[in-house]
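In: got a predicted structure plus its sequence, pasted below:
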Number of protein chains: 2
Amino acid sequence: MSHFHFELQARDGRARAGLLHTPHGQLQTPVFAPVGTQATVKALTPAQLEGLGATLVLANTYHLYLRPGDELVARLGGLHSFMAWERPLLTDSGGFQVFSLAGRRQVDQDGVTFRSHLDGTEHRLTPEKAIAIQENLGADIIMALDECAPPHDREYSQQAMLRTHAWAERCLAAKTRDDQALFGIVQGGVFPDLRAQSAEFIASLGTPGIAIGGLSVGETKEEMHAMLEVLDPLLPQERPRYLMGVGSPEDLVNGVLRGVDIFDCVLPTRMARNHAALTRLGRLNLRNSDFIADPRPIDPQCDCYTCQNCSRAYLRHLIVAKEMLSATLLSIHNLRMLISLMEDLRQAILEGRAAAFARDFLAVYRKHRPPEI
Amino acid sequence: MSHFHFELQARDGRARAGLLHTPHGQLQTPVFAPVGTQATVKALTPAQLEGLGATLVLANTYHLYLRPGDELVARLGGLHSFMAWERPLLTDSGGFQVFSLAGRRQVDQDGVTFRSHLDGTEHRLTPEKAIAIQENLGADIIMALDECAPPHDREYSQQAMLRTHAWAERCLAAKTRDDQALFGIVQGGVFPDLRAQSAEFIASLGTPGIAIGGLSVGETKEEMHAMLEVLDPLLPQERPRYLMGVGSPEDLVNGVLRGVDIFDCVLPTRMARNHAALTRLGRLNLRNSDFIADPRPIDPQCDCYTCQNCSRAYLRHLIVAKEMLSATLLSIHNLRMLISLMEDLRQAILEGRAAAFARDFLAVYRKHRPPEI
């Protein structure tokens, strides 16, 4: 694992600032990863992603396995080359998407059989297969196959956690490439004892990083925070922690405050395609006629390309006229908003003022936040 | 008209190389203008347009008058500011779109009454109104209101030409801004005597540039070329000529060889959204399964962002996966292809080898060209 190394630079309360070295360069943490489901962060070129400060991108194993196929991606030089992204990449195991295929999948001790959402063909995902696919794709950070249970079902959560542990061991055994970092995944629903048991087991595997799964899947914010607080003292400080699928501004702040280093979420780009802009003063729906003649940028404090060049009135026009450029411009802004938030949080951690930064941010954000979309 | 000045730098046969000075900077001619119908070149940011070498963009008066409204655009600082394009802009008069509204418009000597394609509301376009709208939009180059007739109908062509002449005089009289260059438009269908009469009349108005309308609307290539050959000696050499709505690679080359300086067309961006790539070796339909594992760029000779970064296999994947990024990447390539073709033609003109360049280009292009899409 010489290519992969985590340097913990500072702790401020539970919050951490670090440097994650990968074969495709180093990441400053905490870090937010935009999601490029089908080998593209929707509506953005890699150059635009670089321009807005993205350093890590997540791609989905399930989607790429089905289309265009991981073997084709390998033949074309791997996912970095395929999608023209030369910075670090992370892939999930495919498990989350497969387990989401209600009525189209069947799980057993050995793996999951499922039918493709594209053409109904039958496929099988096992721990070994999840690793083989991810080795073909070639991301810097890859994930063990896990099972994510409904968070309040104790029996199911325990069973899924035990399966996740057994599968993590099989993933480790199956792994052959030494230029990829495999992360084990902690499960256990909203149950502190299960989470503690899972943290202990996964930490014992010695993977170079640890992912936290099964959150932001139906539990309350308080439950999410409680689980992170259970995990922080049990997870090794010297390894990065990745909270999967979490990415609202307040979840990022609360996650960092509780010891998380890496996040990913479709929220900023999906919201962009639904005409919503994230700002530190809450969300704006730019389709709203309030903005018809508004000459201001989305956020006068924002340094993104969109805010430097475009008025709310122009963005509203593009939305009403159904122009694709609106998705591009809003995606640039929303991603820059989350990434700059992480940059500011990192700076606050390095300067020992993370709690104050978070308190101030959340006070303003909550005050302005409209009802959840 | 101190802001606007055309410098003829070289003639090579009928082909011309020049510099067009405008309030938003100078244009090297011959030049191809991407079309930004609704104040956006579809799927591209202004930064991407600048990056691929676009210097002039066309926007449509008809569309912007209806939505978001020219008065709103003026209130927001004009079209350059509104669409974040600080290089030269050109607007058409709105006439072409209005005359295309079959069954929804009625023309008389004074103007045209039409119903909006958006909401059926009734509107009136007159020469004075076309100028007022374009003055609100504030492009560097604006167009007189003209009537474009079916090219083979002599009686209609003559009547439309005479109306176009009367309207050009009214547009000139209505114009109030001195930082915009108004071009008169030559009509006359495929009839050499009408074209000659129109060229003489429009040239006599003394507008700083002259547009050629009513071509690429159903006539043959030979008829188009014949009309351009009639016009070249009759149009003043010291003023730029703009062939409206023309933009296939071979039409550009043939137009430049016959004395045209400015072109615009939706073809490259529309083809991009339909998965077709323009190359000097003909067109590629990138949805084709031939490209499923093709590691080559669209055109190994091309210097565009797409060809520098993306394989045909990746582009095909994006198309099959219905990802918007395919439209962006293909638009970048197709526009760069036409713009670099114009750059090469300009260089050939300056070096006195335009005919040879055109002959070589057309020989290769025709040989490879698939049946028209």
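Out: Now that the structure is in, tell me what you want to look at. Numbering: from 1, shown residues only, chains lettered A, B, ... in the order given.
In: does the residue of the stretch 51-200 of chain A found nearest chain B sit in a helix or strand, and which one?
Out: Distance from chain B to each residue of the stretch 51-200 of chain A (C-beta to the nearest C-beta) is smallest for A:Ala84, at 4.0 Å. Every residue, glycine included, has its C-beta placed from N, CA and C. Assigned by DSSP states H and E, A:Ala84 belongs to no helix or strand.
In: from A:Ala39, how far off is A:Leu72?
Out: As judged by C-beta to C-beta, to the nearest Å, A:Leu72 and A:Ala39 stand 11 Å apart.
In: so which of those two has more stuff around it?
Out: Ranked by neighbour count (other C-beta atoms under 10 Å in any protein chain shown), A:Leu72 and A:Ala39 place A:Ala39 first, with 26 against 16.
In: in contact with the more buried one, which residues?
Out: Residues counted as contacts of A:Ala39 (C-beta atoms under 8 Å, 6 or more residues apart in numbering or on different chains) are A:Ala59, A:Leu64, A:Pro68, A:Val73, A:Leu79, A:Phe82, A:Met83, B:Tyr314, B:His317, B:Leu318.
In: low-confidence regions, chain A specifically.
Out: Along chain A, segments meeting pLDDT under 70 span A:1-2, A:369-373.
In: quick check: closest non-adjacent residue to A:Phe99.
Out: A:Cys148 (5.8 Å; C-beta to C-beta, 6 or more residues apart in numbering or on different chains).
In: quick check: the one you found is in a helix.
Out: No: counting by DSSP: H, G, I helix; E, B strand; the rest coil, A:Cys148 falls outside a helix, being coil.
In: would you agree it is in contact with A:Gln97?
Out: No: in this structure, A:Cys148 is not within contact of A:Gln97 by C-beta atoms under 8 Å, at 10.4 Å.
In: contacting residues around the residue nearest to A:Phe99?
Out: Counting by C-beta under 8 Å, 6+ apart, A:Cys148 touches A:Gly95, A:Phe96, A:Phe99, A:Ala160, A:Gln187, A:Gly213, A:Gly214, A:Val217.
In: got phi/psi on the last one?
Out: Main-chain torsions, A:Val217, degrees, to the nearest 10: phi -130, psi 30.
In: burial check on A:Asp193, number of neighbours?
Out: Neighbours of A:Asp193 under the rule other C-beta under 10 Å: 11.
In: please apply the same query to A:Val107.
Out: A:Val107: 17 neighbours (other C-beta under 10 Å).
In: leaving out sequence neighbours, find the closest residue to it.
Out: Among residues not flanking A:Val107 along the chain, A:Glu147 sits closest, at 6.7 Å (C-beta to C-beta, 6+ apart).
In: next one: phi and psi at the single nearest residue of the stretch 201-350 of chain A relative to chain B?
Out: Nearest residue of the stretch 201-350 of chain A to chain B (C-beta to the nearest C-beta) works out as A:Asn309 at 4.0 Å. Note on A:Asn309: its backbone torsions stand at phi -130, psi -20 [degrees, to the nearest 10].
In: could you do A:Gln301 as well?
Out: Torsion angles at A:Gln301 (phi, psi; degrees, to the nearest 10) stand at phi -90, psi -10.
In: right, and it touches A:Leu281 too?
Out: No: between A:Gln301 and A:Leu281 there is no contact under C-beta under 8 Å: 9.2 Å.
In: give me the element the residue nearest to the spatial centre of chain A is part of.
Out: The residue lying closest to the centre of chain A (C-alpha atoms, centre = their mean) is A:Asp264, at 1.4 Å. Per DSSP H and E: A:Asp264 is located in strand A:262-265.
In: so how far is A:Lys129 from the residue nearest to A:Phe99?
Out: According to C-beta to C-beta, A:Cys148 stands 18 Å off from A:Lys129.
In: again, but for A:Asp360
Out: On the measure of C-beta to C-beta, A:Asp360 and A:Lys129 end up 47 Å apart.
In: also A:Gly111?
Out: A:Gly111 is 7 Å from A:Lys129, by C-beta to C-beta.
In: could you pull out the strands in the stretch 151-300 of chain A for me?
Out: All strands of the stretch 151-300 of chain A, identified by DSSP state E, counting those that start in this stretch, fall at A:181-186, A:209-212, A:241-243, A:262-265, A:276-279, A:282-285.
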